[in-house]
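> no letters, just coordinates:
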């Protein structure tokens, strides 16, 4: 007796070849019925012999297309209708949009093989793609993910592409960016006067020749432009640094293939897996002894950010150049990645010599993802192309629609509706008008995707965060527009470091108390000082701050963030008299004139522009300066990178420290450091000491799992040592792996708190 089974699926099930996969499965088991996209997922009905239906449902979950993911599957028997075939029906359109938008994906192996096949009509075509790869988020206006809702709607398919697009047995069935040389996007080269000087293959040749000649080229990728030059050419890299005003911050390097990449790096198995994964992120790895790229690509450090070509265009470019190239995001400092050539000419016209553009519009900018391995822990530094937008299935439905607006640095946003959590791609530091406009544009993009009007907006407690000001101004504007009535949403403020820990709880979906270590640079504390070295007992509803670093001053406020010497001098002022400080024989003190030391001491004494902080990140800075490693930084995280490479595992000692009540006292450590002059010993003992602090505190709460979050845990050595110690002492512990452990994860923590807010 034949049966009819109705199935509803939610998850990443659109734009990933899911319907043709279902179509082919149905034919394999000789089943009839239909499959259909909707705004909330995929619906299907299959009817036939009961064993065949059961085999179909089993294969449905076990043989998914590479980019698909099923979050929920509901199945029920319905009356037999006697369908004569199995069909793919036209998409439904509903107001309650629920389908997660898929991330952009690098070129798949099959498309790459076709691209280098002279017999294939897409031979050397720079925009080849299929349902397993290519642009998604960067080209979509709204869901469902159909061609009219993308920037590909400008391109009319030729007959051959139309045949593939409508054939359920074809790999390109309903691949929305489908195109070929006859009907798809076209390349063009633009000179410094913003004039088109070549098209198609000639444009590509001009770009190749320019890079080989030591020039700088802006290339339009998936989610924005790269600035590119020959990574083996010291003069070209120096020229890019000078024009970009980027004196020392490392550049990412794109290698033609794994063979070339391995020649310049020392890779672990897990690092190799990340580099070659379908997401193709930038991976921070160790440099090899012999380096094929110029030293000034990543000066003074033993690490290199590497990745492989991930679009057809990048492959074709690297194939012709035959050597690694610098591929760094095209943007001005504190601004988002640029997505159109006119903006390149306007803002970076004095940087680039040539622009390699194309006419497929980037609707949503999306930078490259950046990750690293610390032992067996994957640490996400930038959550973007390939990984984001990220959708997380929630354990229960939310009562409200929630928007979290994140932090001021490394901003991202997060949404909750129904039983779905969405984390946006990296937006960036909101230190410019352009960056804040990008934040607002991203909020509007996700509102449009999901017809989303928030009932709750979650922000940081810091009054001067642009995101906090935006949320509060929106509430004021709504009240004015409603004639003084209450606005349509409420605002929840979440303390910054608690949000860090909540982000870890969200990723691992923890619903228990943890002992959380939130170590970062700065965050607004409940006592209106700057926190950053916080230990909390926390769950999804509340937290208790149980330990903190002994606070010290930030001399000059924000200046101290870029000048580690100021944090170091402040530590000395905290524990020594001015005469005692002057008597010390430290390279740090040569960084200031006698008059400067006197003025800074007076400011410290009077509390003028010297906010107090318990920041572990600033303590790292202070130790780096005291050890004469770095006094003025060129980029964020520089002290940590320099300290990582000085660490020696054979040095096992620690500095003395002690606890008074809930405060970690630092004077014994400071006394020991200023008596030393060997950088390697200072760094190794300091990192060992931070680990020892953690585990002495952990001993006091033996029943709690340990959770680590915050930018300090981007430090590879620290994470490795903590992981080893946890394994040795059999502690249950969690790091964030798939979401940003830095401020890029704050929105995730904020939205997680609001999700549980009404369940207390």
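Looks like it arrived, so ask away. Since this is a predicted model, take the numbers as computed values, not measurements.
> can you pull the buried residues of the helix ranked longest in the chain?
Across the chain, the helix with the greatest residue count (assigned by DSSP state H) is helix 679-699. Counting neighbours by 16 or more other C-beta atoms under 10 Å, one finds that the buried residues in helix 679-699 are 681-694, 697-698. Using the backbone N, CA and C atoms, a C-beta is placed for each residue, glycine as well.
> so what pLDDT did residue 56 get?
On the pLDDT scale, residue 56 is placed at 89.
> quick check: phi and psi on it?
phi -60, psi -50 (degrees, to the nearest 10).
> which non-adjacent residue is nearest it?
Among residues not flanking residue 56 along the chain, residue 29 sits closest, at 4.7 Å (C-beta to C-beta, 6 or more residues apart in numbering).
> residues in contact with the longest helix of the chain: which ones?
Taking contacts as C-beta atoms under 8 Å, 6 or more residues apart in numbering, the residues outside helix 679-699 that touch it are 515, 517, 535, 546-547, 616, 623, 626-629, 643, 646-649, 651-655, 657, 659, 664, 669, 672-673, 676, 704, 706, 715, 717-718, 721-722, 725, 729, 731.
> residue 260: which element?
helix 258-262 (DSSP states H and E).
> what's that helix packed up against?
Applying 3 or more C-beta pairs under 8 Å, 6 or more residues apart in numbering; DSSP states H and E, one finds that helix 258-262 makes contact with helix 269-276.
> and after the helix it packs on, which helix or strand comes next?
Remark: after helix 269-276, the chain's next helix or strand is strand 282-287, criterion DSSP H and E.
> just checking: what are the partner strands of that following strand?
Strands flanking strand 282-287 in the sheet, each with its direction: strand 265-266 (antiparallel), strand 303-307 (antiparallel), strand 370-374 (parallel) (DSSP bridges).
> which of those strands sits closest to residue 341?
In this view, the strands paired with strand 282-287 are compared for proximity to residue 341 by C-beta to C-beta, and strand 303-307 is the closest at 23.1 Å.
> now do the closest one and helix 269-276, the angle between them.
Between the direction of strand 303-307 and that of helix 269-276, the angle (axes from the mean of the first three to the mean of the last three C-alpha atoms, to 10 degrees) works out to 40 degrees.
> what about strand 303-307, distance to the chain center?
Taking the mean of its C-alpha atoms, strand 303-307 sits 16 Å from the chain's own mean (C-alpha atoms, centre = their mean, to the nearest Å).
> tell me which residues are up against it.
The set of residues that contact strand 303-307 without belonging to it, under C-beta under 8 Å, 6+ apart, is 250-255, 261, 264-265, 275, 280-287, 293, 297-298, 327, 368, 370, 641, 644-645.
> stretch 600-615 too?
With C-beta under 8 Å, 6+ apart as the contact definition, stretch 600-615 has outside contacts at 520-522, 525, 529-534, 548-557, 566, 569-570, 573, 578, 581, 592.
> quick one: the strands in the stretch 51-200 of the chain, in order.
In the stretch 51-200 of the chain, the segments counted as strands under DSSP state E, counting those that start in this stretch are 69-78, 86-89, 187-190, 196-199.
> pLDDT on the longest one, on average?
Right, strand 69-78. According to the model, strand 69-78 has a mean pLDDT of 86.
> just to revisit the earlier point, how much space separates the residue nearest to residue 56 from residue 52?
4 Å (C-beta to C-beta, to the nearest Å).
> cool, and residue 144?
For residue 144, the distance to residue 52 under the criterion C-beta to C-beta works out to 29 Å.
> circling back: give me the pLDDT value at the residue nearest to residue 56.
90.
> quick check: domain ranges of the protein?
What the record gives for the chain is the domain set 3-89, 187-358, 382-511+745-757, 514-736, from automatic domain parsing.
> how about the ones you listed in CSV, adding distance to residue 170?
Formatted as CSV, those follow (distance: least, C-beta to C-beta, whole Å):
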stretch, distance to residue 170
domain 3-89, 7
domain 187-358, 19
domain 382-511+745-757, 25
domain 514-736, 39
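> which one, of the ones you listed, ends up nearest to residue 151?
Between residue 151 and the domains of the chain, the shortest gap by C-beta to C-beta is with domain 187-358, which sits at 10.9 Å.
> give me the mean pLDDT for that closest one.
If you average the per-residue pLDDT over domain 187-358, you get 95.
> next: stretch 421-441.
Stretch 421-441 shows a mean pLDDT of 95.
> list the buried residues of that stretch.
421-430, 432, 434-436, 438-439.
> contact partners for residue 128?
107, 111, 114-115, 122, 312.
> residues in contact with residue 277?
If you count contacts by C-beta under 8 Å, 6+ apart, then residue 277 has residue 386 around it.
> tell me the buried residues in stretch 335-346?
Neighbour-count burial for stretch 335-346 flags 335-339, 341, 343-345 (criterion: 16+ other C-beta under 10 Å).
> swap that for stretch 26-41, sorry
By neighbour count on 16+ other C-beta under 10 Å, the buried set for stretch 26-41 is 26, 29, 31-41.
> of those residues, closest to residue 11?
Each of those was checked against residue 11 using C-beta to C-beta; the closest is residue 41, at 7.2 Å.
> show me which residues of stretch 401-421 are buried.
401-417, 419-421.
> from residue 540, how far off is residue 460?
When distances are taken as C-beta to C-beta, residue 460 and residue 540 turn out to be 18 Å apart.
> actually residue 553, not the one I typed
35 Å.
> the two: which is more packed in?
When residue 553 and residue 540 are compared for neighbours, residue 553 comes out ahead with 25 against 22, by other C-beta atoms under 10 Å.
> now the phi/psi pair for the more buried one, please.
Recorded main-chain torsions at residue 553 are phi -90, psi 150, according to degrees, to the nearest 10.
> hang on, the earlier thing: out of the buried residues of stretch 26-41, what pair is the most spread apart?
29 and 39 (28.3 Å).
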